[in-house]
Each structure stands twice: as C-alpha cells, then as structure tokens.
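A.B. asks: I need the structure of the sequence given here:
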Amino acid sequence: MRGRVRSRSEPGRHGDRQTRKSPLVHAVTLGCPKNRVDTEVMLGDLLGHGYALAARPEDADVVLVNTCGFLAEARSESLDVLRDAARRMRPGARLVASGCMTERFRDAIESEVPEVDLITGVRDLLRLRGLLDGEDRRVPAWPTSAHPRLLTTPARSAYLKVADGCSRRCAFCIIPRLRGRQRSRPPDDVVAEARALAASDVREVVLVAQDLTHYGRDLPGRPDLASLVDRIALEAPDLRWIRLMYLYPRDLSDRLLEVIASRPNVLPYLDLPVQHADDRVLRAMRRGTTRAGLERLIERVRARLPRVVLRTTYLVGFPGESDDAFETLVSFARRMRFEMAGVFQFSPEPGAVAASLPDPVPARVARQRRRRLERVLAEVARGQRAALVGQVHEALVTGSGRGGTGRGRLWFQAPEVDGEVRIQGCDLEPGAFVQVRITGLAGSDFEAEVVPPDNRTRAPE
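C.D. replies: Take a look at the predicted model:
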C-alpha cells in the first residue's frame, strides 16, 4: 500500500525508530472512505513507532484487514479477503481483523477464519500497536489531529473525517449498532487537521461522516457544519477543492448553502442520499422526509447554487414497496435528474428494524426494480453529461498515459465514485490542476483536451 506518513498537526514527521529490520505491515481497507481514514490512522501510528510497509501480504509480519459490516455482501467480502490473506501469509505472520464487522459479527470471523490472530474494533485504532506488542497501553479511544496518519489516497487528495457514528434510526441501517451514536470532533481539531493536510501539499479534502449534516449537534455549544466548512475554507486557503459527502437531506441548512456560494474553494457538489420518494416507504424507512419536501429541497439547492452537481443514492425493494411506490420513485428520479446516482437493493440486516417488517419484496422483484431504475438513471446521466460537452472545467490530474494522454477527475467527480476524465495533450504530473474542454463521453467517463490559458471560457452559470 502506498502512502505518506503525515502527522495531523505536524505534517511530514516520521518515526525515528524505523529501520530495515522493522516489522512489516500490509493493510487492506474494505468499505467506505471513513474506513479508509481509520486504516490510515492505524498505519500512521504503526509506522511512526518502528513498523514499515509491506507491498504484499506474503512479505508482511502483520496483515491488517479493515472490514466492513454494513451489508451481508460486504461481510461476505470481508471474510473472503481474510481467508485470502491467511492463505498468502508466511508462517509466523499475524492476521488482524479490525473495523465495522468486528463490532457485531465477531463470532462469524472467529468461526469462518480461525487463522485470525487478533480482532479489534472501531474504538481500538490507537490500541492496535500495543496489542501487537503485547502491551495493552492506555490510549485515547478516538484519534485527534495530534496523531499521525498515513495518507493512502492519490496525490493531493485526502478524506477528512469530522465525526464517527450516527444518531439517526433509519429502519434499514445498522451503522448505529456498529459505530455507536455520533461523536463529532471539536471544530478546532478538524481545522487543525485541515491546515496540516494543506501544509503537506494536499489540495482536495473530502469531508466525510456517517451523517455529515448532523455534525456538531453532540458538542457543547452545538457548532454546525456551515460554521465548520466556513472556517476550513478561510483558515486553510491552500485547499483548492473542499467537497462534502453524506449529507442527510432533512437538515440541509440555508446557511450551509450560503457558505458554499460565497467560498470559491468549497465545491458546489453535494451528496444527498434520498433513498426513496414514496411517502409511505419513506415513513417506514424512518427518514423524516416526504417526496414534496425532497422536491422543495432540491429546487432550493439548485436555485441558490446554479452550478451545483448533485449525487444521490436510492434503495429499492424495501418491505412494503408496492408497484405504485416503485413507479413513484422512478418518476421522481426522472424529474429530479440528479447528475450522479447509485442504487442499492434492500437486504434485511440483523438488528435492523426493517428486517422484521411485513410484506417483504421478493428478491427477484427487487433485482428487476434495481435494474430498471439503473437503466433510467443511466439515461438521465447520459443527457446530463452530454450537455457538458464543449464546456471548460477544472480537472485534477491523477495519472499519465501513453501519447500525451492524462487521467484525472473534473471538479464535479468525487474520488472513487464518479468516474474519471481522459485528457488529451496532458503531460502534467499527477496532482496538477488544469483547465480542460470536454470533448466527448466514454461510458460513465469523459474525454477532454487541455485548454491553452488564452483560450479559456467559463462554464455556463
């Protein structure tokens, strides 16, 4: 795994005990970006205290698998990765399972992969090193900006986790059971990490949490997301792109929209997982929203931020979802025309309220609905993307190819989920920003060309 060791508060410092004889650690992260940050914290602590990275599990003294327990499919993948690591490890190496799955599905790990030597939870990020060394030291349960972190994201980009856990009670979700109630980081600590990331040459930060909109409500004085984003934009001005992910729709404030509109380094890109649009299904989901309310919200966002790009997530096959309810969702998706959207198929997760609800949707029907909605969303996305051809936008170069072709992401493409852009005439190193003109589409990706400085026009407002 590649990365850079950077302290959250003092970027660029490395542990002074690292030598060629250092124990080697190899890490695999499964699941969401929040999990990635947790892995980066564990690796930062290990590398800052004498460990070194191994590129392959075969070479490692410790193999760390940070599991995901959100869905049955994710848990199955976690077990498969653990089994694969156990097969590939050399004799005497230690296999560690950490992360969400360990919180409520420890028994499955122990029975399915008996080769696992150590199981740690989401509050054990800074305990791991002591446990590996045979010393269960007293350490903080939650890392701060003072703890080192190994960045594993591409050059100049990083996730910034501002809270952990969730205090909502959506009927389909077990995150509160895996992660606990929301624990927001103090604003000063988040801003300190943002400044440290900027000082270490990061230029894009993606603010993440299980529920970003609820940030600060559990803290003294109840600081809100709008004030936090405003501080980051002002106090870490070298951050060129500040992106917001996982915004619960119900509590999106006008003040946050005002901050996005007024701060040029806060991108008008919002991830708003609406899940559904039928009022009866939304009530059963415990979302606290209605179709009319969602439509008003989207209209309000687009009116205040004319250049906004919206991403969402839909959930199909929820218990009680009738044919009419699904058609309501399809109609909503066509009308709202989110620029980016994904679809999940409901699965009854152990401990979730929805697992015991009546009127389950047959899996075959749920699959058919997912596929049909995906076709509708693909049609919408093609129209949205086609309208961008000919426009000039800023891109971040993420890689280089043959014949002067670069790879990158446009400002409205979030890392890992929104595709990429292939840039003709680009010989810039990864991490550079460049203005490009979109020339065509390639599936869910874009084709573009570098625009000379004297031939640039702004994208339409």
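A.B. asks: separation between Arg185 and Glu299?
C.D. replies: 33 Å (CB to CB, to the nearest Å). Placement of C-beta: from N, CA and C, glycine included.
A.B. asks: These two: who's more crowded?
C.D. replies: Neighbours per residue, other CB atoms under 10 Å: of Arg185 and Glu299, the larger number sits with Arg185, 24 against 11.
A.B. asks: Distance from stretch 277-291 to the middle of the chain?
C.D. replies: 24 Å (CA atoms, centre = their mean, to the nearest Å).
A.B. asks: Next, the buried residues of it.
C.D. replies: By neighbour count on 16 or more other CB atoms under 10 Å, the buried set for stretch 277-291 is Ala277, Asp278, Val281, Leu282, Ala284, Met285, Arg287, Thr289, Arg291.
A.B. asks: Over to stretch 162-175?
C.D. replies: Val162, Ala163, Asp164, Gly165, Cys166, Arg168, Cys170, Ala171, Phe172, Cys173, Ile174, Ile175.
A.B. asks: show me where the stretch 251-400 of the chain has strands.
C.D. replies: All strands of the stretch 251-400 of the chain, identified by DSSP state E, counting those that start in this stretch, fall at 266-271, 309-316, 340-345, 392-400.
A.B. asks: same deal with the stretch 101-250 of the chain?
C.D. replies: Under DSSP E, counting those that start in this stretch, the stretch 101-250 of the chain gives strands at 118-119, 148-151, 157-161, 163-164, 183-184, 204-208, 241-244.
A.B. asks: Quick check: can you name the pairing partners of the second one and their directions?
C.D. replies: Within its sheet, and counting by DSSP bridges, strand 148-151 is paired with strand 4-7 (antiparallel).
A.B. asks: okay, and for this protein, where does confidence drop off?
C.D. replies: 1-20, 401-403, 454-461 (pLDDT under 70).
A.B. asks: Apply 50 and report the result again.
C.D. replies: Residue ranges of the chain with pLDDT under 50: 1-19, 460-461.
A.B. asks: Adding distance to Gly92 as columns, could you present the buried residues of stretch 162-175 in a markdown table?
C.D. replies: Formatted as a markdown table, those follow (distance: CB to CB, whole Å):
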| residue | distance to Gly92 |
| --- | --- |
| Val162 | 40 |
| Ala163 | 39 |
| Asp164 | 34 |
| Gly165 | 36 |
| Cys166 | 40 |
| Arg168 | 45 |
| Cys170 | 44 |
| Ala171 | 46 |
| Phe172 | 43 |
| Cys173 | 40 |
| Ile174 | 36 |
| Ile175 | 36 |
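A.B. asks: Among the strands of the stretch 251-400 of the chain, which comes closest to Asp201?
C.D. replies: Closest to Asp201 of these, according to CB to CB: strand 392-400, at 12.8 Å.
A.B. asks: Check which helices and strands the closest one sits against.
C.D. replies: strand 405-410, strand 421-424, strand 433-442 (3 or more CB pairs under 8 Å, 6 or more residues apart in numbering; DSSP states H and E).
A.B. asks: Apply 6 Å and report the result again.
C.D. replies: For strand 392-400, the packing partners by 3 or more CB pairs under 6 Å, 6 or more residues apart in numbering; DSSP states H and E come out as strand 405-410, strand 433-442.
A.B. asks: for those, which one ends up most surrounded?
C.D. replies: Stretch with highest mean neighbour count among these: strand 405-410 (a mean of 22; mean count of other CB atoms under 10 Å).
A.B. asks: Could you list the paired strands of that one along with their orientation?
C.D. replies: By DSSP bridges, strand 405-410 pairs with strand 392-400 (antiparallel), strand 421-424 (antiparallel).
A.B. asks: Can I get the ones you listed in JSON lines including distance to Gly320 and mean neighbour count?
C.D. replies: Listed next are the strands paired with strand 405-410 as JSON lines, based on distance: least, CB to CB, whole Å; neighbours: other CB atoms under 10 Å:
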{"stretch": "strand 392-400", "distance to Gly320": "42", "mean neighbour count": "20"}
{"stretch": "strand 421-424", "distance to Gly320": "41", "mean neighbour count": "22"}
